[in-house]
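# Here is my input; please provide its structure:
(2 chains)
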Amino acid sequence: MFDDFFIRALVAGIGVAFVTGPLGCFVVWRRLSYFGDTLAHSALLGVTIAYSFELNIAVSVFIISSVIALILIQLQKKTNLPGDALLGLLAHSSLAVGLVVIGFLTFIRFDIMGLLFGDILAVTTDDLLIIWVGGGLILLVLKLIWKPLFASTVNYELAEAEGLNPDRAKAIFTILMAAIIAISIKMVGLLLITGMLIIPAAMARNISDNPRKMIIFSIIGGLLSVIIGLFSSLEFNSPSGPSIITASLILFILSLLKIKQSIHLKN
Amino acid sequence: MSIDKNILVKLKDAGFRQNDKWLVKGVSLVVEKGKIVTLIGPNGSGKSTTAKIALGIYKKIDGEVEKYTNKVGYVPQKVSIDWTLPLRVSDFMVLTENLKDEAINEALSLTGVEHLKNKNLGNLSGGEFQRVLLARAISKKPELLVLDEPVQGVDFTGEIALYELIKKISEELNCGILLISHDLHTVMSATDHVVCLNGHVCCSGSPIDVAKNKEYKVLFGEQASQTLSIYEHRHDHVHSHEGDIKKN
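Next up, the predicted model:
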């Protein structure tokens, strides 16, 4: 059944969308889109290391992204630079170092475009396993830390005062971010992963009045984007990542109609 | 370590420093079951900071804080809900603890906002939001309630009703309350123990003791002495009825 590359891509994309839906909502709520970008850029370094030492790409990316996240937390504690400058510093330097390393690896032929923008032809049966098992684990952990994570997203001090340990939830969430980037990099490409996280969530915000609904709509939006994007990728021979993101953009624009309507009703 | 089972939280010479500036220093206080302790003081005197030390929100503190309960309800001074997060009152009520629907309704009706249950938090007025904050804090039947200016923005009649409710809750649940308030009149009538702050503890004791204190008068100036005179007048009045006329 998974012999056909397109079916594999579809199954992979659907798996990714189930995870980016809820995680993306938290990225929007906690204002972490630039943080997601930074982790995604650092993924290039992870990929080059995977090639150099013949490691699994997802595992290597997960490790490197987690390390970059840890470095960021340390830098935030020890320097006075503002958060966005630190994020920019790490995002671009890890991207640059990754590209330099690629330059040295002349013995391997790299598909840079595939890395940056996703390549549905590259999805293997092993990748499917990583996406569905890894994705299932991510959702399970997210469910376990839901209460403290959500409460501290609304108000950190309330969560801390009422004994929910928000710092631990935040640290675990950072690891989940690294994990989703690791499992979705082949599908969407490292430049567009953050788009997959935030655009369906932003679309969902426009049509939701409570957090649960927003997460459900975010998942549905992601699923539709993947399905529409992949079919158009097949039809027009466009790269998979940009096609998926474009589809999600169209859904977002449609959701604006709804929000316009509700503002109109209020007036 | 204290063995007194009534003690919920105890600060011993506690202080907190941020960017090499003391926000508050040398605070000692005890909140016991069924007692209301009120913090008063001018803006920037460290009232909210003291509350956050007691709650364990600030961790790198000077001195000691001992907390003997984890059942805490907190009304922060300021809560802003971002537009990106759609949140109804009913979602907010179960933020830190899962509650049955009846418990949610009961708490909301106690603070007079049951009709707002399905409203979006972003659409509430300041006073309505404050009532929801208080309802959320009491709905989990906490042992310790920390209320940082709980009635700000609430209309006058509502203010009196909410303070009465706070007093009732402390009796019914036998919970300890750490209250921050600007309303000196309420402080004088509803509180067991007053701590007057101005970066450090100016004076503390029963409301009467504090009202008599010189530093308190210096700190609060004209307006306070007016409030105070109402209080003293009442005080004198009671005494004169008993035929025991004594001028302070």
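
# Residue A:222: what's it in contact with?
The neighbours of residue A:222, taking CB atoms under 8 Å, 6 or more residues apart in numbering or on different chains as the test, are A:16-18, A:20-21, A:24, A:196, A:200, A:248. Any C-beta I mention is one placed from the backbone N, CA and C, and that applies to glycine too.

# By neighbours, which of those residues wins?
Of all these, residue A:20 has the most neighbours under the rule other CB atoms under 10 Å in any protein chain shown, reaching 36 neighbours.

# and it, what helix or strand is that in?
Element membership for residue A:20, per DSSP states H and E: helix A:5-29.

# Residues of chain B that sit close to chain A?
Neighbours of chain A within chain B, by CB under 8 Å from any CB of the partner chain: B:52, B:55-57, B:70, B:72-74, B:76, B:79, B:81-82, B:84-88, B:91-92, B:95-97, B:120, B:140, B:146.

# if I pick residue A:258, what's in contact with it?
Here residue A:258 is in contact with A:206-207 (CB under 8 Å, 6+ apart).

# That one: which element?
Judged by DSSP H and E, residue A:258 forms part of helix A:240-266.

# do the same with residue A:143
Secondary structure from DSSP H and E places residue A:143 in helix A:125-144.

# Just give the number of residues close to the residue nearest to residue B:114 when sequence neighbours are not counted.
Among residues not flanking residue B:114 along the chain, residue B:108 sits closest, at 4.4 Å (CB to CB, 6 or more residues apart in numbering or on different chains). Number of residues near residue B:108 (other CB under 10 Å) recorded here: 23.

# Give me the contacts around the strand or helix carrying residue B:108.
Per DSSP H and E: residue B:108 is located in helix B:101-110. Residues from elsewhere that reach helix B:101-110 (CB under 8 Å, 6+ apart): B:89-90, B:93-94, B:114, B:116-117, B:132, B:135-136, B:138-139, B:165.

# Show the average pLDDT along it.
Mean pLDDT, helix B:101-110: 94.

# per-residue confidence for residue A:175?
For residue A:175, pLDDT reads 94.

# I'd like the next helix or strand past the helix or strand containing it.
Using DSSP H and E, residue A:175 sits within helix A:166-188. As assigned by DSSP H and E, the chain's next helix or strand after helix A:166-188 is helix A:193-206.

# where do the strands sit along chain B?
Along chain B, the stretches classed as strands by DSSP state E are B:7-18, B:21-32, B:36-40, B:62-67, B:72-75, B:144-148, B:176-180, B:193-197, B:201-205.

# Tabulate these (TSV), appending mean neighbour count and mean pLDDT.
Shown next, in TSV, are those (neighbours: other CB atoms under 10 Å in any protein chain shown; pLDDT from 0 to 100):
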stretch	mean neighbour count	mean pLDDT
strand B:7-18	19	92
strand B:21-32	19	91
strand B:36-40	25	92
strand B:62-67	15	91
strand B:72-75	26	96
strand B:144-148	25	95
strand B:176-180	25	94
strand B:193-197	23	90
strand B:201-205	19	87
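
# buried stuff in stretch A:53-62?
A:57-58, A:60-62 (16 or more other CB atoms under 10 Å in any protein chain shown).

# What of stretch A:32-39?
Neighbour-count burial for stretch A:32-39 flags A:32-33, A:35-39 (criterion: 16+ other CB under 10 Å).

# same question, stretch B:103-116
Buried residues in stretch B:103-116, counting neighbours by 16+ other CB under 10 Å, are found at B:103-105, B:107-108, B:110-113, B:116.

# Can I get that stretch in PDB, CA atoms only?
The C-alpha trace of stretch B:103-116 is given here as PDB (Å, rounded to 0.1, in the frame of the first residue of the first chain):
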ATOM      1  CA  ALA B 103     -18.800  24.200  41.400                       C
ATOM      2  CA  ILE B 104     -18.200  26.700  38.500                       C
ATOM      3  CA  ASN B 105     -21.800  28.000  38.700                       C
ATOM      4  CA  GLU B 106     -21.700  28.300  42.400                       C
ATOM      5  CA  ALA B 107     -18.500  30.400  42.500                       C
ATOM      6  CA  LEU B 108     -19.700  32.600  39.600                       C
ATOM      7  CA  SER B 109     -23.000  33.300  41.300                       C
ATOM      8  CA  LEU B 110     -21.300  34.100  44.600                       C
ATOM      9  CA  THR B 111     -19.400  37.000  42.900                       C
ATOM     10  CA  GLY B 112     -22.500  37.900  40.800                       C
ATOM     11  CA  VAL B 113     -21.400  37.000  37.300                       C
ATOM     12  CA  GLU B 114     -23.100  33.600  36.600                       C
ATOM     13  CA  HIS B 115     -24.600  35.200  33.400                       C
ATOM     14  CA  LEU B 116     -21.100  35.700  32.000                       C
END
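
# So which of the contacts of helix B:101-110 are in helices?
Among those, the residues falling in helices (DSSP state H) are B:89-90, B:93, B:132, B:135-136, B:138-139, B:165.

# Among those, find the lowest-pLDDT one for me.
Within these, the minimum per-residue pLDDT falls on residue B:165 (89).

# show me the contacts for that residue.
Applying CB under 8 Å, 6+ apart, the residues near residue B:165 are B:110-111, B:134.

# which one of those is nearest chain A?
Distance to chain A, by CB to the nearest CB, is smallest for residue B:134 among the contacts of residue B:165, at 13.0 Å.

# Next one, pLDDT for that closest one please.
pLDDT, read off for residue B:134, is 94.

# was I right about it contacting residue B:75?
Yes. Judged on CB atoms under 8 Å, residue B:134 makes contact with residue B:75 at a distance of 5.7 Å.

# what's the angle between the helix or strand hosting residue A:69 and helix A:166-188?
Element membership for residue A:69, per DSSP H and E: helix A:57-78. Going by axes from the mean of the first three to the mean of the last three CA atoms, to 10 degrees, helix A:57-78 is angled at 140 degrees with respect to helix A:166-188.

# how about helix A:57-78, does it get close to chain B?
No. For helix A:57-78, no contact with chain B is found by CB under 8 Å from any CB; the gap never falls below 12.1 Å.

# right, and the helix or strand after that helix?
The C-terminal neighbour of helix A:57-78 among helices and strands, as given by DSSP H and E, is helix A:83-104.

# Could you list every helix and strand that that following helix packs against?
Under the contact definition 3 or more CB pairs under 8 Å, 6 or more residues apart in numbering or on different chains; DSSP states H and E, helix A:83-104 sits against helix A:33-52, helix A:57-78.

# could you redo those as JSON lines and give each row mean pLDDT?
As requested, the helices and strands packed on helix A:83-104 are arranged in JSON lines below (pLDDT from 0 to 100):
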{"stretch": "helix A:33-52", "mean pLDDT": "90"}
{"stretch": "helix A:57-78", "mean pLDDT": "90"}
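
# and chain A, which of its residues are near chain B?
Checking chain A against chain B by CB under 8 Å from any CB, the hits are A:28-29, A:31, A:147, A:150-151, A:153-155, A:157-164, A:205, A:208-214.

# Can I have the buried ones of those residues as a ChimeraX selection?
In ChimeraX, this line selects whichever of those come out buried by 16+ other CB under 10 Å:
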select /A:28,29,147,150,151,153,154,155,157,158,159,160,161,162,163,164,205,208,211,214
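
# Filter the residues of chain A next to chain B down to just the ones in helices.
Per DSSP H, the residues of chain A next to chain B map to helices at A:28-29, A:147, A:150-151, A:153-154, A:157-161, A:205, A:211-214.

# now for the helix holding residue A:143, which elements pack on it?
Partner elements for helix A:125-144 (3+ CB pairs under 8 Å, 6+ apart): helix A:5-29, helix A:57-78, helix A:166-188.

# The longest one to helix A:146-154, inter-axis angle?
It refers to helix A:5-29. Between helix A:5-29 and helix A:146-154, the angle comes out at 50 degrees (the same axes, to 10 degrees).

# If anything else comes up later, I'll come back, but that's it for now.
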